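Novice: Got a predicted structure plus its sequence, pasted below:
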Protein chains: 2
Amino acid sequence: MITVTIIGAGNVASHLYRAFNDAKDVTVKQWYNRTYSTISSYANEVDCIDDLNQLKYADIYIMAVSDDSSASLSRALPFENRLVAHTSGSVSIHDLDKKNQRAVFYPLQTFSKDAELDFSEIPICIEVTEKENLQFMKDLAEALGCTPYKITTEQRQTLHLSAVFVNNFTNQLYRIAHEISDAKSINFDILKPLIMETARKVQHMSPYMAQTGPAKRNDKKTIKRHLKLLENEEHKAIYELLTASIKKTHGQR
Amino acid sequence: MITVTIIGAGNVASHLYRAFNDAKDVTVKQWYNRTYSTISSYANEVDCIDDLNQLKYADIYIMAVSDDSSASLSRALPFENRLVAHTSGSVSIHDLDKKNQRAVFYPLQTFSKDAELDFSEIPICIEVTEKENLQFMKDLAEALGCTPYKITTEQRQTLHLSAVFVNNFTNQLYRIAHEISDAKSINFDILKPLIMETARKVQHMSPYMAQTGPAKRNDKKTIKRHLKLLENEEHKAIYELLTASIKKTHGQR
């Protein structure tokens, strides 16, 4: 049985708490948050604390806190030579205080408070400062049903950047489509199957091969008509930039 | 039993042929393409022709051809007062020759030759010039298991534009993430669950509510670090433009 203590109570921390709590080979020893009221509703199922000095021994302390607080919080931990991991895509493993053994446990997924998540599909990017902890970190990921990937700091930071493209930026394109279609009283539901299929297609085909549309085939008439339809200058600029990018990728320039 | 004749042999035509052929309430009467060899392998299951004068009576003629050829091809049809539909997101219904009854049967989906598609999830956008054909067009969509939506020309053109955002542009963001991660020897598979979840999330939550990430929370440090990581000027420009767009949407400017 692996014992885990969760530190923090944001989206990632909450999802990890629930996942570890459900995993049969893991026990959540304690849940720390500096504001007790945020986690108090879980006090009947786990030892909830708001004082670092109450931290008991656990096989691993997982800090799912904001990027800015990782370093100072790791210094404030009142013990040494235990295993401490952060869950950030961008914070360096060396930002954690070296009085403890350090690791990264970065789940590459988008976490919203209200969205249910199937952990078995989440890749966990792992780094360790002590080689002998690698297998333990992998076991921990697998205890959640996740796939562990050992990566370097540079790779993790590049993944975090890539995630901004495929998640935040993609979501903003959905948002713009929502705005454009709302303005003409179009039900956004009509676009949902296309959104799903676009994502599904690249699960077994490269994005390069999956591309279609006016930019790829350099269909100037349609592009011109679309630009005329767009009333918002910002939407126009995005249309032009991404059209140019597709043309370049597919040798239409 | 509805009889359908397919005109054209591109991606949309081929997928529609297969879907109509599988539908129990539809018979594909003929399949026309100006180049016979493209469809000849289907000659054992359907009457394949390359001469418009061989067209027999069908309840509907579905022209799934390039936008530029719809008008001239509709004029070349050697009959009058039958039902003729095109499948384009951008061609006007009035571009079809008015000697026939006109309709639009626009499946809002991305069609690739090799990707299998579940038609039951495809919205079909419908327009007619003669009101009395509306129910028939809806029945035809439903015969494929699709959901029909009656829309106006302006709405269809706006949907086509929105589709470019959620499909072509989104796919280009996947492509850029593929390039960025490839350059650091990262397995693109790690990003695939995030791609799926990003699409899944907006099936039951607005894109506005689904947004997360450094741009939304105006995390200047991470944005700066990401821009430094990006080596390609075009990728940088896309990062900056979409970050500004997210900030504006979420009141971070």
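Specialist: All right, it came through fine.
Novice: what number of residues lie near the closest residue to residue A:243 other than its chain neighbours?
Specialist: Using CB to CB, 6 or more residues apart in numbering or on different chains and skipping the chain neighbours, the partner closest in space to residue A:243 is residue A:215 (4.3 Å). To be clear about C-beta, it is placed using only N, CA and C from the backbone, and glycine gets the same treatment. Other residues within reach of residue A:215, judged by other CB atoms under 10 Å in any protein chain shown, total 26.
Novice: swap in the one 3 residues further on?
Specialist: Around residue A:218 sit 15 other residues, with neighbours defined as other CB under 10 Å.
Novice: quick one: it from residue B:146, how far?
Specialist: Residue A:218 sits 30 Å away from residue B:146, going by CB to CB, to the nearest Å.
Novice: do residue A:87 as well
Specialist: Note on residue A:87: its distance to residue B:146, by CB to CB, is 42 Å.
Novice: Would you check that my belief about residue A:169 contacting residue B:244 is correct?
Specialist: No. Taking CB atoms under 8 Å as the definition, residue A:169 is not a contact partner of residue B:244, at 11.4 Å.
Novice: So residue A:80 is in contact with residue A:100, correct?
Specialist: Yes. In this structure, residue A:80 sits in contact with residue A:100. The criterion is CB under 8 Å, and the distance is 6.2 Å.
Novice: Between these two, which has more neighbouring residues?
Specialist: Taking residue A:80 and residue A:100 together and counting by other CB under 10 Å, residue A:100 has the greater number of neighbours (19 against 10).
Novice: tell me the contacts of residue A:75?
Specialist: Neighbour list for residue A:75: residue A:97 [criterion: CB atoms under 8 Å, 6 or more residues apart in numbering or on different chains].
Novice: where do the helices sit along the stretch 101-250 of chain A?
Specialist: In the stretch 101-250 of chain A, the segments counted as helices under DSSP state H, counting those that start in this stretch are A:134-143, A:153-163, A:170-182, A:192-201, A:207-210, A:220-229, A:233-249.
Novice: will you turn those into CSV that also has mean neighbour count and distance to residue A:42?
Specialist: Formatted as CSV, the entries for those read as follows, by neighbours: other CB atoms under 10 Å in any protein chain shown; distance: least, CB to CB, whole Å:
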stretch, mean neighbour count, distance to residue A:42
helix A:134-143, 17, 20
helix A:153-163, 22, 28
helix A:170-182, 23, 29
helix A:192-201, 22, 33
helix A:207-210, 18, 41
helix A:220-229, 16, 50
helix A:233-249, 18, 42
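Novice: Residue B:43 is nearest to which of those helices?
Specialist: Using CB to CB as the criterion, the shortest distance between residue B:43 and those is 29.2 Å, found for helix A:207-210.
Novice: which helices and strands does the closest one pack with?
Specialist: Helices and strands touching helix A:207-210, as assessed by 3 or more CB pairs under 8 Å, 6 or more residues apart in numbering or on different chains; DSSP states H and E, comprise helix B:170-182.
Novice: Please list the residues outside the helix it packs on that contact it.
Specialist: Identification of contacts with helix B:170-182 by CB under 8 Å, 6+ apart yields A:158-159, A:161-163, A:165-166, A:169-170, A:173-174, A:195, A:198-199, A:201-202, A:206-208, A:210-211, A:215, A:242, A:245-246, A:249, B:187-188, B:190-191, B:195, B:230, B:232, B:235, B:238.
Novice: The residue nearest to residue A:243: what's it in contact with?
Specialist: A:223, A:242-243, A:246-247, A:250, A:252, B:164, B:168, B:172.
Novice: hmm, 10 Å instead?
Specialist: A:222-223, A:226, A:239, A:242-250, A:252, B:164, B:168-169, B:172 (CB atoms under 10 Å, 6 or more residues apart in numbering or on different chains).
Novice: which neighbours do residue A:169 and residue B:244 share?
Specialist: Counting by CB under 10 Å, 6+ apart, the residues touching both residue A:169 and residue B:244 are A:238, B:215.
Novice: can you pull the contacts of the closest residue to residue A:240 other than its chain neighbours?
Specialist: Counting by CB to CB, 6+ apart, residue A:240 lies nearest to residue A:227, which is 7.2 Å off, once chain neighbours are set aside. Contacts for residue A:227 (CB under 10 Å, 6+ apart) come out as A:235-236, A:239-240, A:243, B:161.
Novice: again with residue A:217
Specialist: For residue A:217, the contacting residues are A:211, A:246-247, A:250, A:252, B:66, taking CB under 10 Å, 6+ apart as the criterion.
Novice: Domains of chain A: list them as residue ranges, please.
Specialist: Taking automatic domain parsing as the criterion, chain A consists of the domains A:2-151, A:157-249.
Novice: Any chance of the helices of the stretch 101-250 of chain A in JSON lines with mean pLDDT as columns?
Specialist: Listed next are these as JSON lines, based on pLDDT from 0 to 100:
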{"stretch": "helix A:134-143", "mean pLDDT": "97"}
{"stretch": "helix A:153-163", "mean pLDDT": "96"}
{"stretch": "helix A:170-182", "mean pLDDT": "98"}
{"stretch": "helix A:192-201", "mean pLDDT": "96"}
{"stretch": "helix A:207-210", "mean pLDDT": "96"}
{"stretch": "helix A:220-229", "mean pLDDT": "95"}
{"stretch": "helix A:233-249", "mean pLDDT": "97"}
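Novice: In a markdown table: these, plus distance to residue B:138.
Specialist: Conversion of the helices of the stretch 101-250 of chain A to a markdown table gives the following (distance: least, CB to CB, whole Å):
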| stretch | distance to residue B:138 |
| --- | --- |
| helix A:134-143 | 49 |
| helix A:153-163 | 41 |
| helix A:170-182 | 21 |
| helix A:192-201 | 18 |
| helix A:207-210 | 31 |
| helix A:220-229 | 27 |
| helix A:233-249 | 32 |
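Novice: out of those helices, nearest to residue A:108?
Specialist: The minimum distance between residue A:108 and the helices of the stretch 101-250 of chain A falls on helix A:153-163, with 6.1 Å, by CB to CB.
Novice: near chain B, which residues of the stretch 1-150 of chain A?
Specialist: A:11, A:66-68, A:88-91, A:107-112, A:114-118, A:120-125, A:146-147, A:149 (CB under 10 Å from any CB of the partner chain).
Novice: are any of those buried, and which?
Specialist: Buried members of those, scored by 16 or more other CB atoms under 10 Å in any protein chain shown, are A:11, A:67, A:88-91, A:107-112, A:115, A:117, A:122-125, A:146-147, A:149.
Novice: Looking at those, which are in strands?
Specialist: Using DSSP state E, the members of these that fall in strands are A:107, A:123-125, A:147, A:149.
Novice: shouldn't residue A:238 be in contact with residue B:245?
Specialist: Yes. The pair formed by residue A:238 and residue B:245 meets the contact definition of CB atoms under 10 Å, at 6.5 Å.
Novice: which neighbours do the two share?
Specialist: Counting by CB under 10 Å, 6+ apart, the shared contacts of residue A:238 and residue B:245 are A:169, A:172-173, A:176, A:232.
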